[in-house]
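Compute the structure for the input listed below.
(one chain, ligands or ions: 1)
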Amino acid sequence: MWAALVGLAAFVSLGTACTPSITTASGTHAPVTICSGELIFADDFYELDLEKWQHELTLSGGGNWEFQWYNNNRTNSFAHDGILFLRPSLLSEQTGEAFLSNGVLNIEGGAPADRCTNAAFFGCERTGSPQNIINPIKSARLRTVDTFRFRYGRVEVFAKMPAGDWIWPAIWMMPSHNAYGTWPSSGEIDITESRGNRNLLHHGVHIGTHEAGSTLHYGPSPTLNGWEHAHWVRRNPAGYDTGFHRYQLEWTPDYIKFSIDDVELGRVQPGNGGFWEHGGFNRHPGIENPWRYGSKMAPFDEKFYIILNVAVGGTQGFFPDDNIYNPTPKPWSNISPTAATDFWNARHNWLPTWNLNHNDGKDASMQVDYVRVWAL
Ligand SMILES: *[C@@H]1O[C@H](CO)[C@@H](O)[C@H](O)[C@H]1NC(C)=O
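As a prediction, the model looks like this:
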């Protein structure tokens with residue numbers, strides 16, 4: 001009798017301890033019931049858990065002709081002592097240098113784990129020529145698209161950014177279902193991005209390892225993107241490559257807030273006009289608002305998944321052409337039709353800054369100690 005009463009009491013208090021959350025989640029690693037404040041996704045990277053993280057396999061270059069091939073190889077992604085390393089390396093080490101300008105790289109495989117994940121922009125096969133070499137860098141990009149998708153919550157990633165010229169690390173999220181249409185209509189949440197250059201100035205301001213930025217992308221078309229209204233940077237003269245920091249997102253039905261080490265970087269709290277008004281798209285007559293039947297947070301009122309990657313270069317302007325200073329010049333122009341070749345030909349300048357031969361290339365790696373997501 002006593003045992004039964006105690007059991008009942010424990011059951012009751014457990015039951016009342018769970019306040020249902022407005023956070024929702026799905027995927028193989030999403031909890032079935034979600035209590036307010038609960039940790040709903042976590043990885044401490046004591047192993048590279050491929051039940052949680054899927055490698056993207058593509059030469060696509062992020063839609064902006066970045067210079068890397070995202071592959072599944074322990075040279076480029078591995079867990080060691082509770083840290084995830086995403087580490088760039090040279091393709092020529094594997095294929096020989098001539099292959100870059102005269103080989104054919106087809107990355108489509110037959111096994112489920114070997115399928116090319118993004119065919120856009122010749123993402124599954126590239127043919128090298130002297131003008132247009134095959135992506136010369138190998139790197140890694142991991143995502144939770146099948147395992148954990150969520151709407152609203154708090155994210156914290158404890159990470160150290162890589163150092164090395166033209167390296168572009170990112171911790172970010174993409175919409176699971178494109179509920180409002182293709183990019184950027186369904187949004188993009190960039191929790192943090194930085195540049196690996198230790199000494200890159202833009203208009204005299206350090207935009208390399210001393211800077212980390214957070215951005216929302218949203219808009220009715222790729223040319224109408226409101227990101228300038230939702231972009232913040234923070235400078236740290238010690239460099240984000242010299243220590244671990246907590247990169248944080250708070251995402252609620254009222255606002256989206258980015259912080260680093262609990263210090264707010266910026267937030268968006270749209271009014272009743274939502275992101276349509278926030279982005280100023282109401283000033284463009286004749287364009288239909290894809291979010292008109294969503295909430296005021298639309299497109300950020302649908303599920304997103306987490307992405308961790310290390311990219312290199314690219315021509316969309318993350319590495320600007322004008323008014324920049326780097327100890328060695330930027331090797332490619334963003335309008336060059338031979339950008340990857342130009343980059344590769346200048347490797348005597350950038351490769352030494354990557355320190356790949358020192359400490360197993362850990363300086364050039366993005367290092368992630370943990371990823372945690374809590375329900376609101
Ligand atoms: C993994 O990467 C290393 C270094 O680039 C390379 O030598 C090796 O062949 C790769 N493995 C596979 C299976 O592609």
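
Bridge partners for whatever residue of the stretch 101-250 of the chain ends up closest to the ligand, pull those for me.
For the stretch 101-250 of the chain and the ligand, the shortest gap (Cβ to the nearest ligand atom) falls at Lys138, measuring 5.8 Å. Backbone N, C-alpha and C define where each C-beta goes, glycine included. On the basis of DSSP bridges, Lys138 is bridged to Trp69, Ser89.

and it, what does it touch?
The contact partners of Lys138, by Cβ atoms under 8 Å, 6 or more residues apart in numbering, come to Gln68, Trp69, Asn71, Asn73, Thr75, Asn76, Pro88, Ser89, Leu90, Leu91, Gln94.

Just to be sure, the last one is in a helix?
Yes. Secondary structure of Gln94, determined by DSSP: H, G, I helix; E, B strand; the rest coil: located in a helix.

Report the spatially nearest residue to it, omitting neighbours in sequence.
Leaving aside its sequence neighbours, Gln94 sits nearest to Lys138 (Cβ to Cβ, 6 or more residues apart in numbering; 7.2 Å).

So for that neighbour, what's the pLDDT?
pLDDT recorded at Lys138 is 98.

Distance of it relative to Asn73?
7 Å (Cβ to Cβ, to the nearest Å).

Over to Glu193?
Separation of Glu193 from Asn73 (Cβ to Cβ) stands at 23 Å.

Which one of those two is surrounded by more residues?
Glu193 (20 against 16; other Cβ atoms under 10 Å).

quick one on the thing from earlier: could you restrict the contacts of Lys138 to the ones contacting the ligand?
If you filter those for contact with the ligand, counting by Cβ under 6 Å from any ligand atom, you are left with Asn73, Thr75, Ser89, Gln94.

Can you get me a residue count around the third one?
Ser89 has 20 neighbours, counted by other Cβ under 10 Å.

Break down the stretch 51-200 of the chain into its strands, ranges please.
Secondary structure of the stretch 51-200 of the chain by DSSP state E, counting those that start in this stretch: the strands cover 54-55, 68-70, 77-80, 83-86, 89-90, 104-106, 125-127, 137-139, 141-143, 149-151, 153-160, 167-175, 188-194.

Confirm that Asn309 sits in a strand.
Yes. When the secondary structure is assigned by three-state DSSP, Asn309 falls within a strand.

Contact partners for it?
For Asn309, the set of contacting residues under the criterion of Cβ under 8 Å, 6+ apart consists of Glu56, Tyr70, Leu86, Ser139, Ala140, Arg141, Leu142, Pro169, Ala170, Met366.

Skipping adjacent residues, who's closest to the second one in space?
This means Tyr70. The shortest distance from Tyr70 to any non-neighbouring residue, by Cβ to Cβ, 6+ apart, is to Arg141 (4.4 Å).

Could you report the distance from the one you found to Gly109?
17 Å.

For the two, indicate the residue with more neighbours.
Higher neighbour count among Arg141 and Gly109: Arg141, with 25 against 13, using other Cβ under 10 Å.

pretty sure the more buried one contacts Ile307?
Yes. Contact criterion Cβ atoms under 8 Å: Arg141 and Ile307 qualify, at 6.4 Å.

Which secondary structure element of the protein has the lowest mean pLDDT?
Lowest on mean pLDDT, DSSP states H and E among the helices and strands of the chain sits helix 2-17, with a mean of 51.

what's the spacing between the helix or strand following that helix and its chain's center?
Counting by DSSP states H and E, the element after helix 2-17 in chain order, helix or strand, is strand 24-26. Centroid displacement of strand 24-26 relative to its chain, using Cα atoms, centre = their mean, to the nearest Å, is 20 Å.

mind checking how far the residue nearest to Tyr325 when sequence neighbours are not counted is from Gly128?
Distances taken as Cβ to Cβ, 6+ apart place Leu201 nearest to Tyr325, at 4.3 Å, with adjacent residues excluded. From Leu201 over to Gly128 the distance is 34 Å, taken as Cβ to Cβ.

More neighbours: which of these two?
With other Cβ under 10 Å as the criterion, Leu201 and Gly128 differ in neighbour count, and Gly128 comes out ahead with 22 against 15.

Could you report the neighbour count for the closest residue to the more buried one other than its chain neighbours?
Nearest non-adjacent residue to Gly128, counting by Cβ to Cβ, 6+ apart: Ile134, 4.2 Å away. Using other Cβ under 10 Å, Ile134 has 24 neighbouring residues.

hang on, the earlier thing: how about a markdown table for the strands of the stretch 51-200 of the chain, with distance to Phe318 added?
Formatted as a markdown table, the entries for the strands of the stretch 51-200 of the chain read as follows, by distance: least, Cβ to Cβ, whole Å:
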| stretch | distance to Phe318 |
| --- | --- |
| strand 54-55 | 23 |
| strand 68-70 | 13 |
| strand 77-80 | 22 |
| strand 83-86 | 17 |
| strand 89-90 | 21 |
| strand 104-106 | 24 |
| strand 125-127 | 21 |
| strand 137-139 | 15 |
| strand 141-143 | 16 |
| strand 149-151 | 26 |
| strand 153-160 | 18 |
| strand 167-175 | 6 |
| strand 188-194 | 8 |
